[in-house]
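Peer 1: could you look at this predicted model? Sequence included:
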Amino acid sequence: MRLPAALLALPALLAAQAALGAPEPIALKDDRTSRERPTAEVLMSREIGAAVGARVETAMVDVDGNGVAEVVVRITHASTCDRSRLHCRTAVFRHDGREWRRVLDVPARTLSLGDANGRGERSLVVDEDEVRSLQSGSYRIDAKASGATRIRFAAATGAKAREIAALWGPGAVRLLDAKADLQVLAGTADLDGRNGAQPVYRLEGGAACGLVGCPIRGVVRRDGREGIVLEGFASGDVWVMGSGREGVRAMVLESTGGSVAYAFDGRRYVADGPRR
């Protein structure tokens, strides 16, 4: 979307925000006369139009330290918030010199500026404990900086390996029986914060992995049976956050394009990142 970046040229005082320090809350305001409001209404015209009577709050802040402000928009409405009306749709738009790009779009209660890296790019902190850094053109979660717990996987063998492979269908079982390049790994995660060991499984090897990574499944046990609640791909580590939604902790899968956060929607985990 082509809007003049000059509209958002920063006053000198905003440059001082690049200093290191504790997370600095971004002050959002519902002000129809604010400098960034017309830009925000164009960038999120579809979302605002669909949420009749919504409260629209905006801010202008230089997150990446390049001297051009990002536009932050939060929409509070029954259709854009969770049941508590605390976590509401919050988006950040960055101008790349040609057009505006949506670099963050998540349900959030608060949004703050975190520390700056060596290039002057500050992280974004969602709800005080979810640190997101600029990765592959969008703000993706930094699991380690957020204090997440890494899931440790171990090889499964024999009947247990076949049982796990069956979660991916009969084709995976046949590959395992045929001695293909396929390894079955098993780990556990405390997803509800009650020290419960919920299984998380991973396939590795040339027969299972591709450009986007290796397949991951998270399951829950009910009445002696396992139901899949997470489906994704990871080329790196898999993490469990310290908090989440619906009383269930968020998960983070490291992929070739950057980390992808998954949040629980009451039934299963869904990818929680920029919506383009």
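Peer 2: Received the coordinates, thanks.
Peer 1: CA atoms for contacts and neighbours, from now on please.
Peer 2: Noted.
Peer 1: got the phi/psi numbers for R152?
Peer 2: Torsion angles at R152 (phi, psi; degrees, to the nearest 10) stand at phi -100, psi 130.
Peer 1: quick one: it and V106, what's the gap?
Peer 2: Separation of R152 from V106 (C-alpha to C-alpha, to the nearest Å): 28 Å.
Peer 1: more crowded one of the two?
Peer 2: Neighbour count, other C-alpha atoms under 10 Å: between R152 and V106, V106 has more, with 17 against 14.
Peer 1: from what I see, the more buried one and V92 are in contact.
Peer 2: No: taking C-alpha atoms under 8 Å as the definition, V106 is not a contact partner of V92, at 9.3 Å.
Peer 1: which parts of the stretch 51-200 of the chain are strands?
Peer 2: 55-61, 70-76, 88-95, 100-108, 111-116, 122-126, 130-135, 138-141, 149-150, 154-155, 183-189, 198-204 (DSSP state E, counting those that start in this stretch).
Peer 1: what sits against G213?
Peer 2: Neighbouring residues of G213 by C-alpha atoms under 8 Å, 6 or more residues apart in numbering: 233-236, 255-256.
Peer 1: can you flag the buried ones in those residues?
Peer 2: Among the contacts of G213, those buried by neighbour count (16 or more other C-alpha atoms under 10 Å) are 233-235, 255.
Peer 1: out of those, flag the one nearest to S34.
Peer 2: Of all those, S255 has the smallest distance to S34: 38.5 Å, by C-alpha to C-alpha.
Peer 1: right, and G258 touches D142 too?
Peer 2: No: applying C-alpha under 8 Å as the test, G258 and D142 come out as separate, 9.2 Å apart.
Peer 1: please say which of those two ends up with more neighbours.
Peer 2: For G258 versus D142, neighbours defined as other C-alpha under 10 Å are more numerous around D142 (24 against 21).
Peer 1: so who does the more buried one touch?
Peer 2: When contacts are counted by C-alpha under 8 Å, 6+ apart, D142 touches 130-133, 259.
Peer 1: now H87
Peer 2: Contact partners of H87, counting by C-alpha under 8 Å, 6+ apart, are 81, 107-109.
Peer 1: most surrounded residue in those?
Peer 2: That'd be P107 among the contacts of H87, by other C-alpha under 10 Å, with 22 neighbours.
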